[in-house]
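Peer 1: Build me a model:
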Amino acid sequence: MGSSPFTATIATDLEAFFRDEAPLDPGDGLIAAFSGGPDSTALLVGLARLGYLVTAAHLDHAMDPGSAERAAAAARLADRLGVPFVTERREVPRLRRASESPEAAARRVRYGFLEEVRLRTGARWIATAHHRDDQAETVLLRLMFGSGLEGLGGIRPVHGAVVRPLLRVPRRELLASLGDLETVRDPTNEDLSLPRSRVRNLLLPRLEADDILPRIAARARSASARLERKVSALLDVEETEQGIAVERAALERLPAELLTVALAWLHRRAGAPYPAGSAARSELVRQLGQARAACDAGDGWRWETSGGLLVLRRAPPQEERVADFSYTLGIPGAVEIPEIAVRVGLSRRPVEPWMFSGSPCRAALALPLAEGDRVTVRNRRPGDRIHPLGADGSRKLKELLIDRRVPRRERDRLPLICVGERIAWVPGVTIDQRFRIAGETTAWLAEIMR
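Peer 2: Alright, predicted model coming up:
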C-alpha cells in the first residue's frame, strides 16, 4: 500500500467517528469521495489501513483539459493503495442548470454520482475528506456572505448518507500522513477567482484561525440543535412521496425568531441539500398570511398549500420517473425489466458463507418453491409491507426505505421479488425474515444483472 506514515490521531478519530456518529454494522461498506488530492488520499489511506470496506469513487467533471489525466492518475493511486476504484466522466458544463454557478453544478453532479455508486455497491455511507481547515474556511465564507446561525454551523459531520469523519483533524496532519505518496494536483485549489481559494490561500494564513473558527462552528451547531429540538416539539411533520408536509397553522403560530430555524430544519427533513435562500424565505413568510401559498424554494424544491397542510416537495425530472412494472419469472430462469434496464434471475445454488452477509445485487432465499414454479418481479405498490431480516415484525415498505436512506428517485426502481403477495427481497435493503436461509444446503439465488 505504499510507505506513507499513519498517525494515531487520525486512526483514533476515524474509529471514534464510525463508532459514535456514523455507526457501521459488520459488512457495511464505505464510498470514499476520491479526487486523488492530498486530503482525499489521506482519508483513503486511513480507511483502508483500519480495515474498512472502502471503494474510491472519482468523478471526471470535464471542466478543464486536465480532468481526464487527473482521473487516470487517481486510478493509478488507488491501485497503488490496493483499494477498489470506480470513475465516470460527466460533462458538468453541459449539465449546468440556468443561473447555476460552475462550482454549484460540479458539486451537485459529483454528489449525485457518489450516491449512485453508494446504491450500486450497497455501501452505508459516502465519506468525504473535509477537515478542520475546511470547516474554518466554510465559517469565514458564510460570515462574509452574511449567514445566520444555521450557516455558521459550518459543515455538518453527518448529512443524509454523507459523512465527514476528519473534521477535527488539521490539514497539516493529513499532509504529514502521506509520506512519499505522490498525489494529484487540482489547479482550482490555486484559482484566486474562486472565493474559497482566496480564503484558503490569502485570508486563513493571516488569521491563524484553525482553532477559533471551528469552535464557532461547533457552538453554532450546538445552538442550532437546541433550537431544532424546540421546533420539532412544536411541529408534526409527515413524510410524503416527494417531500414532507407540516400543519400550516402550527408553522404560522411559531414566533418570528423561530420561523427561519424551522424552515431550514424542514428542508433538511425533506432531503434538500440547502435551506431556501433569504428571498424565497421572505416570499413564503409573506404568503403564509394569505389564503393560498405557493413559492419556489430553489433547486427544484417548492412550497405549496394542500388543505390545512404546507407541503415541501421536489418533483423528480421526467426522465427519472419509472412506470409501474410487473413481470412473471419462471424458475430457474431470468426476465428482462426494460423500465430499469436490468435483468433479474433466480437459480438454485449450494449455500456459501457470503450468503449470510448479503450483497446489494444478489441474495440467497429459502423460497418454498420448486423448479417450474413462478414468482413476480415488480416495483413497489401503496400498502406494501415486509418483515425485515432480524426485525420483530412487519413494517411498511415505504417507512423502511426512508429509514435505510434510499433516495426517493430510486425507490420505484427497485425490482422486488414476490412470492404470491409477499415481498421476499428488496435489493440492497433486506430480505423477508420468513425466507431467510437457516440450515439449508441449497438456496434460491436472486440476482440483478445489468
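
Peer 1: now G383: how far from K398?
Peer 2: For G383, the distance to K398 (CB to CB, to the nearest Å) stands at 9 Å. In this view, the C-beta of every residue, glycine as well, is placed from N, C-alpha and C.

Peer 1: who touches T55 in this structure?
Peer 2: For T55, the contacting residues are G29, L30, I31, A32, V83, P84, F85, V86, V117, T121, A123, by CB atoms under 8 Å, 6 or more residues apart in numbering.

Peer 1: From those, which land in helices?
Peer 2: V117, T121 (DSSP state H).

Peer 1: Buried only: go through the contacts of T55 for me.
Peer 2: Buried members of the contacts of T55, counted by 16 or more other CB atoms under 10 Å: G29, L30, I31, A32, V83, F85, V86, V117, T121, A123.

Peer 1: Let me have the residues you listed in CSV, extended by distance to E352 and pLDDT.
Peer 2: Formatted as CSV, the buried ones among the contacts of T55 follow (distance: CB to CB, whole Å; pLDDT from 0 to 100):
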residue, distance to E352, pLDDT
G29, 19, 94
L30, 24, 96
I31, 25, 97
A32, 28, 96
V83, 25, 95
F85, 26, 96
V86, 25, 95
V117, 26, 93
T121, 20, 90
A123, 22, 93
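
Peer 1: so what strands line up beside whichever helix or strand W444 is part of?
Peer 2: Following DSSP states H and E, one finds W444 within strand 442-449. When pairing is defined by DSSP bridges, strand 442-449 lines up against strand 342-350 (antiparallel), strand 362-365 (antiparallel).

Peer 1: re the thing from before, and G383 and K398? Which one has more around it.
Peer 2: The residue with more neighbours, out of G383 and K398, is K398; 16 against 8, by other CB atoms under 10 Å.

Peer 1: The more buried one reaches D384, doesn't it?
Peer 2: Yes: using CB atoms under 8 Å, K398 is in contact with D384, at 7.3 Å.

Peer 1: so after the least confident helix or strand in the chain by mean pLDDT, what's the next helix or strand?
Peer 2: Lowest on mean pLDDT, DSSP states H and E among the helices and strands of the chain sits helix 149-152, with a mean of 53. Later in the chain than helix 149-152, the nearest helix or strand by DSSP H and E is strand 158-159.

Peer 1: Neighbouring strands of that next one in the sheet, and parallel or not?
Peer 2: Assessed with DSSP bridges, strand 158-159 is paired to strand 162-163 (antiparallel).

Peer 1: Distance from the chain centre to the strand it pairs with, please.
Peer 2: Centroid separation between strand 162-163 and its chain, computed with CA atoms, centre = their mean, to the nearest Å, is 7 Å.

Peer 1: go on, stretch 386-404?
Peer 2: That offset, for stretch 386-404, works out to 20 Å (CA atoms, centre = their mean).

Peer 1: list the buried ones in stretch 332-346?
Peer 2: V335, I337, I340, V342, V344, G345, L346.

Peer 1: Just flag the most distant two among those residues.
Peer 2: I340 and L346 (17.2 Å; CB to CB).

Peer 1: beta partners for V54?
Peer 2: Applying DSSP bridges, one finds that V54 bridges with L30.

Peer 1: Show me the domain layout of this structure.
Peer 2: 8-213, 235-313, 320-449 (automatic domain parsing).

Peer 1: export those to CSV and tack on distance to L227?
Peer 2: Compiled in CSV, the domains of the chain are given as follows (distance: least, CB to CB, whole Å):
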stretch, distance to L227
domain 8-213, 8
domain 235-313, 5
domain 320-449, 24
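
Peer 1: Now V406: closest residue in space, sequence neighbours ignored.
Peer 2: V429 (6.6 Å; CB to CB, 6 or more residues apart in numbering).

Peer 1: repeat for A56
Peer 2: F34 (3.8 Å).

Peer 1: Please name the residues that touch the one you found.
Peer 2: So F34 contacts S40, T41, L44, A56, A57, H58, A74, A78, F85 (CB under 8 Å, 6+ apart).

Peer 1: isn't the last one right up against A48?
Peer 2: No: under the criterion of CB under 8 Å, F85 is not in contact with A48, lying 11.7 Å apart.

Peer 1: before we move on, what SS does A424 have?
Peer 2: strand (DSSP: H, G, I helix; E, B strand; the rest coil).

Peer 1: Offset the numbering so it begins at 29, please.
Peer 2: Sounds good: first residue 29 from here, last item A452.

Peer 1: Go ahead and confirm it touches I445.
Peer 2: Yes: if you go by CB under 8 Å, A452 and I445 touch, sitting 4.9 Å apart.

Peer 1: So for those two, which residues contact both of them?
Peer 2: With CB under 8 Å, 6+ apart as the test, A452 and I445 both reach L393, V403, A474.

Peer 1: Bridging across strands, which residues link to the first one?
Peer 2: Taking DSSP bridges, one finds W472 as the beta-bridge partners of L393.

Peer 1: That one: what's it in contact with?
Peer 2: Contacts of L393 (CB under 8 Å, 6+ apart): I445, A452, W453, I459, F463, R464, I465, A471, W472, L473, A474.

Peer 1: With the last one instead?
Peer 2: Under the criterion of CB under 8 Å, 6+ apart, the neighbours of A474 are V372, G373, L374, R390, A391, A392, L393, I445, A452, W453.

Peer 1: 6 Å - rerun?
Peer 2: Residues in contact with A474, defined by CB atoms under 6 Å, 6 or more residues apart in numbering, are L374, A391, L393, I445, W453.

Peer 1: From those residues, pick the one nearest V274.
Peer 2: Looking at the contacts of A474 and their distance to V274, the nearest is W453, at 34.6 Å (CB to CB).

Peer 1: any idea whether the residue lying closest to that closest one once chain neighbours are set aside is helix, strand or coil?
Peer 2: Of all residues not flanking W453 in the chain, I445 sits nearest, at 4.4 Å (CB to CB, 6+ apart). I445 carries the three-state label strand when classified by three-state DSSP.
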